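1. Sharing a model prediction with you, sequence too.
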Amino acid sequence: MAVALQVLPRLARAPLRPLLWGGPGARLASGMALAEQARMLFENTIGAVLPGPMMHRALSLDPSSGQLKVRDRSFQLRQNLYLVGFGKAVLGMAAAAEELLGQHLVQGVISVPKGIRAAVECSGKQEMLLKPHSRVQVFEGAEDNLPDRDSLRAALAIRQLAEGLTADDLLLVLISGGGSALLPAPIPPVTLEEKQTLTKLLAARGATIQELNTIRKALSQLKGGGLAQAAYPAQVVSLILSDVVGDPVEVIASGPTVASVHNVQDCLHILNRYGLRAALPRSVKTVLARADSDPHGPHTCGHVLNVIIGSNALALAEARRQAEALGYRAVVLSAAMQGDVKSVATFYGLLARVAGAHLTPPGGAGVSVEEEEQLHEQAAALQLPDLQLKEALEVVKGAQGPICLLAGGEPTVQLQGSGKGGRNQELALRVATELGQRPLGPVDVLFLSGGTDGRDGPTDAAGAWVMPELASQATAEGLDVATFLAHNDTHTFFHRFQGGAHLLYTGLTGTNVMDVHFLFLRPR
Ligand SMILES: Nc1ncnc2c1ncn2[C@@H]1O[C@H](COP(=O)(O)OP(=O)(O)OP(=O)(O)O)[C@@H](O)[C@H]1O
Ligand SMILES: O=C(O)[C@H](O)CO
């Protein structure tokens, strides 16, 4: 995270704009330009998954009895509350916890990205900062999302706090994406450097987050249930903001409060798959061999309540609600959008064409049977477990007015060039190319792709929005879309195209529930 962090100033002041989105405001909003609606929908979607609102939804305290309610479970607070946390969204989560439960809080330690406090301060987003004499100690570290000395110090302070707890205590654990790098505590003799190298190698060779975190858990004192074990016999409540498709609690931040179900054989398979088994340092082999013969077996986590408080699905549900308030028929297609960005772009291109043809009256572009078949084939190839394509097309067929199709997840980019970009900007530009290939009939189409953390790859933009005319307009400006795509240089493209008007700028938002994709179709 080399670039100075910066938090969205517009979101900071007005995360939600009920006047524009509900009741009488809806009519006003529906007269807005499509691009303005798309940008507002993106900002308001992020507003719904900011740490504060999510914490307030998940927790409630009865001040007279000291009863803390987390979902359907109750816990008795009497100045026995401790707090630890690690992840990109944890500063705001801790601030909300302090505001809600501060009178019972004895001590806390959190591990957050380098520069986050300065960025939050700069943006004036006071509600995401801890109080001046807070009982929560803050460590900043993990520059570039890699474990470092600072995050190691934080992890050791977190372990120490957890180990000092008794059966009368309650430990609140705040977890969000980026937590793995912010909580490194390698099992000796594995060193921080060895863990860093192995993590980097696995990531560079294309290991999935599930595979990467299986290895991290095997080599860590705190991951894979280790933190919960350290806190025993205290009760543990983990509040988790998911940045992994499907919200698997054992994967997010490597599941420090979830018993690991993996064995050494699983690790060896993964290391084999990426050609790393032969080159393993002796220390790693030692730790894996020890785990194999460990008479205690894996950690047990019966004293833990793990709760997902925010996710991509939640963001999409809010986006849908707000799109409907704007007068769109809105459908959530999937919160598990994964796969190569090229295949995902082809899918959205076909979807826009098929949906657009269904929306326009006879004499419009018309939908061919082949295209509808291609769309279903492309969808099947993406293997999205929760895809609601048939349902979405039914809604489109029955609709007489504007449609908004919503999805989220994290497609992947196979980097070939050395340009500057991110997966959202690349997806948007590829979708623009697809949309520009054939006429779409009398319907306005806009596609938006944005990262909810406000940072798309190593750029300061969150993503971009496009329309079918983009490619021809770019050509008129002397910009060749295909060349920018070939070099993975989409940020440079969007920066130059129409003076950067198609880029989404939010600054670092202080939350992270992966990416969202919006496809708007508005019959003329
Ligand atoms: N020039 C580029 N063009 C397209 N994508 C890129 C480019 N450079 C990096 N990327 C992609 O950006 C991704 C990294 O983005 P980012 O820093 O937002 O991490 P992330 O995976 O979103 O992290 P988190 O899960 O914490 O949000 C990688 O998947 C990488 O392939
Ligand atoms: O920290 C991590 O492990 C990733 O962000 C997934 O949660």
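-> Now that the structure is in, tell me what you want to look at. This is a predicted model, so every value here is computed, not measured. Numbering: from 1, shown residues only. Ligands and ions are numbered 1, 2, ... in the order given.
2. Not counting its own residues, what contacts the one helix or strand residue 57 maps to?
-> If you go by DSSP states H and E, residue 57 is part of helix 51-58. Residues outside helix 51-58 that contact it (Cβ atoms under 8 Å, 6 or more residues apart in numbering): 15, 47, 70-71, 89-93, 95-97, 100, 127-128, 239, 241, 307, 309-310, 314, 510-511. C-betas here are computed from N, CA, C, even on glycine.
3. Give me the buried positions along that helix.
-> 51-55, 58 (16 or more other Cβ atoms under 10 Å).
4. What segments of the stretch 151-300 of the chain are helices?
-> With DSSP state H, counting those that start in this stretch, the ranges of helices along the stretch 151-300 of the chain come out as 179-182, 192-204, 209-218, 226-231, 264-273, 282-292.
5. And residue 286, how far from residue 198?
-> In this view, residue 286 and residue 198 are 14 Å apart by Cβ to Cβ, to the nearest Å.
6. out of these two, which sits in the more crowded spot?
-> residue 198 (23 against 15; other Cβ atoms under 10 Å).
7. so that one sits right up against residue 284, yeah?
-> Yes - using Cβ atoms under 8 Å, residue 198 is in contact with residue 284, at 6.8 Å.
8. intersection of neighbour lists for those two?
-> residue 219.
9. pLDDT wise, what is residue 261 at?
-> As predicted, residue 261 sits at a pLDDT of 85.
10. make that residue 25, sorry
-> So, for residue 25, pLDDT stands at 35.
11. Quick check on the contacts of helix 51-58: which are buried?
-> Using 16+ other Cβ under 10 Å as the burial test, the contacts of helix 51-58 include 15, 47, 70, 89-93, 95-97, 100, 128, 239, 241, 309-310, 314, 510-511 as buried.
12. quick one, what contacts the closest residue to residue 62 other than its chain neighbours?
-> Nearest residue to residue 62 in three dimensions, chain neighbours excluded: residue 69, at 7.6 Å (Cβ to Cβ, 6 or more residues apart in numbering). Applying Cβ under 8 Å, 6+ apart to residue 69 gives the contacts 59-62.
13. Also residue 493?
-> With contacts defined as Cβ under 8 Å, 6+ apart, the neighbours of residue 493 are 425, 429, 474, 479, 481, 484.
14. do residue 510 as well
-> Contacts for residue 510 (Cβ under 8 Å, 6+ apart) come out as 7, 50-51, 88-89, 91-92, 116, 120, 125, 128.
15. Go through the residues you listed and name the one nearest residue 439.
-> Nearest to residue 439 among these: residue 50, at 40.5 Å, using Cβ to Cβ.
16. Give me the neighbour count for the closest one.
-> For residue 50, the neighbour count with other Cβ under 10 Å is 26.
17. Now it: closest residue in space that isn't a chain neighbour?
-> Looking at residue 50 with Cβ to Cβ, 6+ apart, the closest residue is residue 511, at 5.2 Å.
18. And the pLDDT at that neighbour?
-> Listed pLDDT for residue 511 reads 91.
19. Was I right to think it contacts residue 92?
-> Yes - applying Cβ under 8 Å, one finds residue 511 in contact with residue 92, separated by 7.2 Å.
20. which residues do the two both contact?
-> Applying Cβ under 8 Å, 6+ apart, one finds that residue 511 and residue 92 are jointly contacted by 50-51.
21. can you map out the helices along the stretch 301-450 of the chain?
-> Along the stretch 301-450 of the chain, the segments classed as helices by DSSP H, counting those that start in this stretch run 312-325, 341-359, 369-382, 389-398, 423-437.
22. Pull the contacting residues for the residue nearest to residue 179 when sequence neighbours are not counted.
-> Closest residue in space to residue 179, ignoring its immediate chain neighbours: residue 253 at 2.6 Å, by Cβ to Cβ, 6+ apart. By Cβ under 8 Å, 6+ apart, the contact set of residue 253 is 86-87, 175-180, 182-183, 223, 240.
23. near ligand 2 too, which of the residues you listed?
-> 177-180 (Cβ under 6 Å from any ligand atom).
24. List phi and psi for the closest residue to residue 341 other than its chain neighbours.
-> Among residues not flanking residue 341 along the chain, residue 411 sits closest, at 4.6 Å (Cβ to Cβ, 6+ apart). Recorded main-chain torsions at residue 411 are phi -60, psi 170, according to degrees, to the nearest 10.
25. Find the least confident helix or strand in this protein, judged by mean pLDDT.
-> helix 18-21 (a mean of 30; mean pLDDT, DSSP states H and E).
26. In TSV: the contacts of residue 69, plus secondary structure and neighbour count.
-> What follows is the contacts of residue 69, written out as TSV (DSSP: H, G, I helix; E, B strand; the rest coil; neighbours: other Cβ atoms under 10 Å):
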residue	secondary structure	neighbour count
59	strand	20
60	strand	11
61	strand	16
62	strand	11
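27. and which of these is nearest to ligand 1?
-> Distance to ligand 1, by Cβ to the nearest ligand atom, is smallest for residue 59 among the contacts of residue 69, at 24.3 Å.
28. which residues touch the closest one?
-> 68-70, 97, 100-101, 239.
29. and those residues as CSV, adding distance to residue 419 and pLDDT?
-> Below are the contacts of residue 59 laid out as CSV (distance: Cβ to Cβ, whole Å; pLDDT from 0 to 100):
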residue, distance to residue 419, pLDDT
68, 50, 97
69, 50, 97
70, 46, 97
97, 41, 97
100, 45, 96
101, 47, 97
239, 38, 98
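30. What sits closest to whatever residue of the stretch 301-450 of the chain ends up closest to ligand 2 if chain neighbours are left out?
-> Closest residue of the stretch 301-450 of the chain to ligand 2, Cβ to the nearest ligand atom: residue 410 (10.2 Å). In space, residue 410 comes closest to residue 514 once its chain neighbours are excluded; the distance is 4.8 Å by Cβ to Cβ, 6+ apart.
31. That neighbour contacts residue 243, correct?
-> Yes - look at residue 514 against residue 243 with Cβ under 8 Å: they come within range, at 5.8 Å.
32. and these two? which has more neighbours close in?
-> residue 243 (28 against 23).
33. Please report the distance of the more buried one from residue 179.
-> Relative to residue 179, residue 243 is positioned 9 Å away (Cβ to Cβ).
34. Which residues are in contact with each of these two?
-> Shared contacts of residue 243 and residue 179 (Cβ under 8 Å, 6+ apart): residue 252.
35. Tell me how far the residue nearest to residue 50 lies from ligand 1.
-> To ligand 1, residue 511 is 10 Å away according to Cβ to the nearest ligand atom, to the nearest Å.
36. One more: residue 157?
-> Going from residue 157 to ligand 1 by Cβ to the nearest ligand atom gives 23 Å.
37. so what's the residue lying closest to that residue once chain neighbours are set aside bridging to?
-> Of all residues not flanking residue 157 in the chain, residue 109 sits nearest, at 4.7 Å (Cβ to Cβ, 6+ apart). Taking DSSP bridges as the rule, residue 109 bridges to residue 84, residue 137.
38. Run a quick neighbour tally on residue 340.
-> Using other Cβ under 10 Å, residue 340 is surrounded by 14 other residues.
39. about what we covered before: Serialize the contacts of residue 493 to a markdown table and add fields for distance to residue 208, pLDDT and neighbour count.
-> Output for those, formatted as a markdown table (distance: Cβ to Cβ, whole Å; pLDDT from 0 to 100; neighbours: other Cβ atoms under 10 Å):
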| residue | distance to residue 208 | pLDDT | neighbour count |
| --- | --- | --- | --- |
| 425 | 23 | 98 | 34 |
| 429 | 25 | 98 | 29 |
| 474 | 34 | 98 | 22 |
| 479 | 35 | 98 | 18 |
| 481 | 30 | 98 | 20 |
| 484 | 28 | 98 | 24 |
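40. Next one: residue 275, what pLDDT does it get?
-> 94.
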